[in-house]
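J.: This is the structure alone, sequence omitted:
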């Protein structure tokens, strides 16, 4: 049995992204019913990572943002105006790595807002969060404008 799963099993919830005035992107999350032993977050402009160690593949386009034992990540080197795919992996007690979420984040020129993908309350359950789209939708503008 895996540490993370579907249908009432432990899962990643309350995924939040926020830009900081210094230009960093901060990603936070909670886990329900379990904890991972280790977390890896990768970043790419091309798309989500397929595996937790794709950053070691030469020419793969993935950059390691964090590798740690506590949930959450901070990317101090995003390019203003770029759109990134962050891929979050968790390692369970058996050494299995599982892809938990792949938020898509548009880095603002002057970040000051945050976006949240709350899987528990019925928000986007796909694991994708486009912060720019969420901010436009929240402002009353049509999401495709």
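T.: That came through fine. Here the structure is a predicted model, which means the values were calculated and not measured.

J.: For the rest of this, base every contact and every neighbour count on C-alpha atoms.
T.: Noted.

J.: how many neighbours does residue 60 have?
T.: Applying other CA atoms under 10 Å, we find 12 other residues in the vicinity of residue 60.

J.: Tell me who's in contact with it.
T.: By CA atoms under 8 Å, 6 or more residues apart in numbering, the contact set of residue 60 is residue 54.

J.: Ramachandran angles for it?
T.: phi -80, psi -10 (degrees, to the nearest 10).

J.: What's the separation between it and residue 108?
T.: 25 Å (CA to CA, to the nearest Å).

J.: so what pLDDT did the nearest residue to residue 89 once chain neighbours are set aside get?
T.: In space, and not counting its chain neighbours, residue 89 is closest to residue 99: 4.5 Å by CA to CA, 6 or more residues apart in numbering. Note for residue 99: predicted pLDDT of 90.

J.: a helix runs through residue 99, doesn't it?
T.: No: under DSSP: H, G, I helix; E, B strand; the rest coil, residue 99 sits outside any helix and is assigned strand.

J.: what's the span of stretch 19-29 from first residue to last?
T.: 15 Å.

J.: how about the strands of the chain, start to end?
T.: 11-19, 25-32, 38-44, 63-68, 73-75, 83-91, 97-101, 104-106, 114-117 (DSSP state E).

J.: In JSON lines, list the ones you listed along with distance to residue 54 and mean neighbour count.
T.: Listed next are the strands of the chain as JSON lines, based on distance: least, CA to CA, whole Å; neighbours: other CA atoms under 10 Å:
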{"stretch": "strand 11-19", "distance to residue 54": "21", "mean neighbour count": "21"}
{"stretch": "strand 25-32", "distance to residue 54": "19", "mean neighbour count": "17"}
{"stretch": "strand 38-44", "distance to residue 54": "8", "mean neighbour count": "24"}
{"stretch": "strand 63-68", "distance to residue 54": "8", "mean neighbour count": "17"}
{"stretch": "strand 73-75", "distance to residue 54": "17", "mean neighbour count": "18"}
{"stretch": "strand 83-91", "distance to residue 54": "10", "mean neighbour count": "24"}
{"stretch": "strand 97-101", "distance to residue 54": "12", "mean neighbour count": "19"}
{"stretch": "strand 104-106", "distance to residue 54": "17", "mean neighbour count": "23"}
{"stretch": "strand 114-117", "distance to residue 54": "25", "mean neighbour count": "20"}
